[in-house]
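Enquirer: give the three-dimensional model of this entry:
(6 chains)
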6 protein chains.
Amino acid sequence: MFDKYFEDFKIGHKWKSKGRTITETDIVNFSALTGDYYPLHTNIEYAKKTYFKQRIAHGMLILSYSTGLIKMEPDVIVANYGIEKLRFIKPVFINDTIHVNLEVLDLNDKGNGTGVVTIKQTTVKQTGEDCIVGILKILVSKK
Amino acid sequence: MFDKYFEDFKIGHKWKSKGRTITETDIVNFSALTGDYYPLHTNIEYAKKTYFKQRIAHGMLILSYSTGLIKMEPDVIVANYGIEKLRFIKPVFINDTIHVNLEVLDLNDKGNGTGVVTIKQTTVKQTGEDCIVGILKILVSKK
Amino acid sequence: MFDKYFEDFKIGHKWKSKGRTITETDIVNFSALTGDYYPLHTNIEYAKKTYFKQRIAHGMLILSYSTGLIKMEPDVIVANYGIEKLRFIKPVFINDTIHVNLEVLDLNDKGNGTGVVTIKQTTVKQTGEDCIVGILKILVSKK
Amino acid sequence: MFDKYFEDFKIGHKWKSKGRTITETDIVNFSALTGDYYPLHTNIEYAKKTYFKQRIAHGMLILSYSTGLIKMEPDVIVANYGIEKLRFIKPVFINDTIHVNLEVLDLNDKGNGTGVVTIKQTTVKQTGEDCIVGILKILVSKK
Amino acid sequence: MFDKYFEDFKIGHKWKSKGRTITETDIVNFSALTGDYYPLHTNIEYAKKTYFKQRIAHGMLILSYSTGLIKMEPDVIVANYGIEKLRFIKPVFINDTIHVNLEVLDLNDKGNGTGVVTIKQTTVKQTGEDCIVGILKILVSKK
Amino acid sequence: MFDKYFEDFKIGHKWKSKGRTITETDIVNFSALTGDYYPLHTNIEYAKKTYFKQRIAHGMLILSYSTGLIKMEPDVIVANYGIEKLRFIKPVFINDTIHVNLEVLDLNDKGNGTGVVTIKQTTVKQTGEDCIVGILKILVSKK
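Expert: Take a look at the predicted model:
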């Protein structure tokens, strides 16, 4: 989706990313890199006794990987502006496969050569369940 | 901060994390793990010609590392509920050192043994500048 | 345990860490990082024909992870002084979960503003078996 | 094999490396490090519907790991000269174990203190199947 | 380039990838992952005394990263067939930035629903120097 | 050194490993993998105000890497028995290069087909300073 200038976006436009499997390796590596060793991600014995009965991926892991699945072309993207009203809805387990659906909700010309594109970002897993839903704002260049 | 039950939180309560330096290794590893190889993070020659003149850390890197700096005790935390109105304000460069300031803004008893704690989370760097400011909602257990 | 000044330690004081599961990812990553590719850690076919019948974690992996599980507060810790008489007793297999038990054995005021705390460190797995037992010496600040 | 000067190589000389298991962690880490997220390596749902029915390792992963299994002594090796006619023959799956067989095919004295050793390199897995076969050229020092 | 079916390739067609900086982190991580700890990549003191005076990236690192820079669409690519006549020409140093140029040299319809695309692959660095030149063969689907 | 059976060891026998540079990447990766984020390893601003004025490597990092530098042949090594009287003497800074010196101190035939080899292990850096000195005990097979 993010391979065009601000003028070429249309409200209602949709885009779907490729998929990516979340492996045990991803959860171990993400705990390591971020320092977030919360036991629901890192301790099988602890996780067995929780509502989920097994380890789950960090919400931030799924959110960060979702950003990686959205291909952004240099020079049209100015900045990742921010996040509005994002909810972590369903957990992602080891060996679940996620992809990202995007939909353009709003366009706001800033009048200085850039515009803010408001998109709804939904990270979905192979069961069809929504895992994360949020509104993101991306600052895009005008021609 | 997240080492007590819902009843023990007070609006206005503040907390500060320890610091962490963002190194070139962190940016390379985060690009790798998330698949986000946007050239402002991964290409020195490209970055030289941008407004920042050098590579910067991914917004998601700083946000994820911020979560890692907030120590959460198991059994009191139920879930990372979501994010409201988060802004990426200032870039973080290689060798900047970040820490996280938290402030309790609101408390909302859900009436089912849990409560939502609304906190303002500010990630700051060693220059004193705010890099990311956001409102997060964490679901916490009651006693 | 290591969140207080030398004067506040007492012989006999005990402390228990949180747990951490040792995954295949940990063994692969540790072999990679240290360059220790000994086949008992890296070769399923080789490991099948040994006494253990499967791969095991490096002794150094379990020892290093044990240090990571012992939370040390800055400014009270001066240095990791050394190790006395450490034994690798039982192997740790993929998906075992370890934690660390500490006990203060001795206190030795060095007379220069620091003291040596001698602790017994036992790394235990979920079966209740001791995997590593050692005596460590940590140099701690006085008030 | 690569622990001697050019004059001590003989055509027909053979050598066999130790083995190494290719784990899911290796495939996830290699995708991350190289940026090669092709779904046959990273998406279980996609891979199920291919001829292989499961994920496979990158050809480049097996080739790179093969180089790591060939121990080269410093000071005798001048350079990795190049590759002739290399074929990716059979896929390597998660938990397959590979090793490398080398055979000296040709020796070419360059007349400037170095010589080119032409070797046939075959990467084999535990089933006995050849996975990669290639001809490599290594530049080796003379005494 | 690899986003179309066999019939849509033309001899002489060219393509250029985005760039990627090779950092010290990449060299350390690649040594770790592959087990290739040859001192020209891992030992500053050793490297100072060689012709290059500093550490260089593994030839296999540059070759693997080149593959990661060539975007391949699923379903059109059947397999990475092999490599012909590849030379490691110039070293890549820490902080060099590489990109890949491709040119279609030959097309060979296999008569079974696939065709072999022969491409010349040149990995170039920011100085304009060719680092690796090789001929690759990719098996591509027909419509 | 560890490539022979117990009967072939001699008291006084010495061995020296190859060298390895300790990079910033190593310190970041080791903090991540072990969860040991002590600020003397991870926070430039904190480290500036300490006695060392800069970050240092974890003692456990240097000890683990030392084990990786000691090449052990499968089938002669039975187990890493333990550590005696190990001292962390001097810090290792970013870009220091270490190697390991071994000396056989004692041999103890266990009478059950194995023997314990007691070695003095000294990790040295490029300045000539000893960083870690310890006594290790390795269980080795008899012929």
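Enquirer: list the strands paired with the one helix or strand residue A:119 maps to, with their directions.
Expert: If you go by DSSP states H and E, residue A:119 is part of strand A:114-125. In the sheet containing strand A:114-125, its partner strands are strand A:97-109 (antiparallel), strand A:130-141 (antiparallel), by DSSP bridges.
Enquirer: pick the most buried one from the ones you listed.
Expert: Across the strands paired with strand A:114-125, the average number of neighbours (mean count of other C-beta atoms under 10 Å in any protein chain shown) peaks for strand A:130-141, which reaches a mean of 20. (C-beta placed from N, C-alpha, C; glycine too.)
Enquirer: for that strand, C-alpha coordinates in CSV please.
Expert: Once side chains and other backbone atoms are set aside, the C-alpha atoms of strand A:130-141 remain, and they are given as CSV (Å, rounded to 0.1, in the frame of the first residue of the first chain):
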residue,chain,number,x,y,z
ASP,A,130,-8.6,-10.7,14.7
CYS,A,131,-5.6,-10.5,17.1
ILE,A,132,-4.8,-6.8,17.0
VAL,A,133,-6.9,-4.0,15.7
GLY,A,134,-5.7,-0.4,15.6
ILE,A,135,-5.7,2.9,13.9
LEU,A,136,-2.4,4.1,12.6
LYS,A,137,-1.4,7.5,11.2
ILE,A,138,1.4,7.6,8.6
LEU,A,139,2.9,10.9,7.2
VAL,A,140,3.2,10.6,3.4
SER,A,141,4.8,12.9,0.9
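Enquirer: quick one: average confidence on it?
Expert: Average pLDDT, strand A:130-141: 94.
Enquirer: same question for stretch A:1-20.
Expert: When pLDDT is averaged over stretch A:1-20, the result is 94.
Enquirer: quick one: end-to-end distance for that stretch.
Expert: Stretch A:1-20 has its terminal residues 18 Å apart, counting by C-alpha to C-alpha, to the nearest Å.
Enquirer: show me which residues of it are buried.
Expert: Within stretch A:1-20, the residues that qualify as buried by neighbour count (16 or more other C-beta atoms under 10 Å in any protein chain shown) are A:1, A:2, A:6, A:9, A:13, A:17, A:18, A:19, A:20.
Enquirer: so who does the second one touch?
Expert: Read that as residue A:2. Counting by C-beta atoms under 8 Å, 6 or more residues apart in numbering or on different chains, residue A:2 makes contact with A:70, A:71, A:72, A:73, A:76, A:77, A:138, A:140.
Enquirer: do you know how far the second one is from residue A:84?
Expert: Computed with C-beta to C-beta, to the nearest Å, the distance linking residue A:71 and residue A:84 is 22 Å.
Enquirer: kindly report the same for the fifth one.
Expert: Using C-beta to C-beta, residue A:76 is found at 22 Å from residue A:84.
Enquirer: also residue A:22?
Expert: Distance of residue A:22 to residue A:84, given as C-beta to C-beta: 25 Å.
Enquirer: neighbour count winner among those two?
Expert: For residue A:22 and residue A:84, the more surrounded residue by other C-beta atoms under 10 Å in any protein chain shown is residue A:22, and the numbers stand at 24 against 16.
Enquirer: strands paired with the lowest-mean-pLDDT helix or strand in chain A, and their directions?
Expert: For chain A, counting by mean pLDDT, DSSP states H and E, strand A:77-88 ranks last in confidence among helices and strands (a mean of 88). When pairs are called by DSSP bridges, strand A:77-88 turns out to pair with strand A:130-141 (antiparallel), strand B:77-88 (antiparallel).
Enquirer: reformat the ones you listed as TSV; add distance to residue B:55.
Expert: As requested, the strands paired with strand A:77-88 are arranged in TSV below (distance: least, C-beta to C-beta, whole Å):
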stretch	distance to residue B:55
strand A:130-141	19
strand B:77-88	16
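Enquirer: residue of chain A nearest chain F, please.
Expert: Scanning chain A for the residue nearest chain F gives residue A:32, at 3.8 Å (criterion: C-beta to the nearest C-beta).
Enquirer: what's the angle from the strand or helix carrying that residue to helix D:24-34?
Expert: Here residue A:32, judged by DSSP H and E, is contained in helix A:24-34. With axes from the mean of the first three to the mean of the last three C-alpha atoms, to 10 degrees as the basis, helix A:24-34 and helix D:24-34 are set at 50 degrees to each other.
Enquirer: burial of residue A:25, as a residue count?
Expert: Number of residues near residue A:25 (other C-beta under 10 Å) recorded here: 25.
Enquirer: spit out the contact partners of it.
Expert: Applying C-beta under 8 Å, 6+ apart, one finds that residue A:25 lies in contact with C:25, D:24, D:25, D:28, D:29.
Enquirer: looking at those, which one is closest to chain E?
Expert: Distance ranking of the contacts of residue A:25 against chain E, using C-beta to the nearest C-beta, places residue D:29 first at 5.7 Å.
Enquirer: thinking the closest one is in contact with residue E:33, fair?
Expert: Yes. Using C-beta atoms under 8 Å, residue D:29 is in contact with residue E:33, at 5.7 Å.
Enquirer: right, and residue A:32 touches residue F:36 too?
Expert: No. With contacts counted by C-beta under 8 Å, residue A:32 stays clear of residue F:36, the gap being 10.9 Å.
Enquirer: next one, pLDDT for residue A:64 please.
Expert: 97.
Enquirer: against residue A:135, how distant is the residue positioned nearest the centre of chain A?
Expert: Nearest to the mean C-alpha position of chain A, counting by C-alpha atoms, centre = their mean, stands residue A:66 at 3.1 Å. Counting by C-beta to C-beta, the gap from residue A:66 to residue A:135 is 13 Å.
Enquirer: now do the shared contacts for the two.
Expert: Applying C-beta under 8 Å, 6+ apart, one finds that residue A:66 and residue A:135 are jointly contacted by residue A:121.
Enquirer: and the least confident helix or strand of chain A, C-alpha only, in PDB?
Expert: Only the C-alpha atoms of strand A:77-88 are listed here, as PDB (Å, rounded to 0.1, in the frame of the first residue of the first chain):
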ATOM      1  CA  ILE A  77       7.000   7.700   3.600                       C
ATOM      2  CA  VAL A  78       8.000  10.700   5.700                       C
ATOM      3  CA  ALA A  79       7.300   9.200   9.200                       C
ATOM      4  CA  ASN A  80       5.400   6.800  11.300                       C
ATOM      5  CA  TYR A  81       3.200   9.500  12.900                       C
ATOM      6  CA  GLY A  82       1.400   7.500  15.700                       C
ATOM      7  CA  ILE A  83      -1.100   5.000  16.900                       C
ATOM      8  CA  GLU A  84      -4.700   5.600  18.000                       C
ATOM      9  CA  LYS A  85      -7.000   3.200  19.900                       C
ATOM     10  CA  LEU A  86      -5.100  -0.100  19.400                       C
ATOM     11  CA  ARG A  87      -6.500  -3.200  21.100                       C
ATOM     12  CA  PHE A  88      -4.800  -6.500  21.800                       C
END
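Enquirer: what lies in contact with that strand?
Expert: A:2, A:59, A:62-63, A:67, A:114, A:116, A:118, A:131-141, B:38, B:59-60, B:79-88, B:134.
Enquirer: in helices only, show me the buried residues of stretch A:1-20.
Expert: Members of the buried residues of stretch A:1-20 lying in helices (criterion: DSSP state H): none.
Enquirer: what is the burial count for residue A:62?
Expert: If you count neighbours by other C-beta under 10 Å, residue A:62 ends up with 24.
Enquirer: please report phi then psi for it.
Expert: Per-residue torsions, residue A:62: phi -60, psi -40 (degrees, to the nearest 10).
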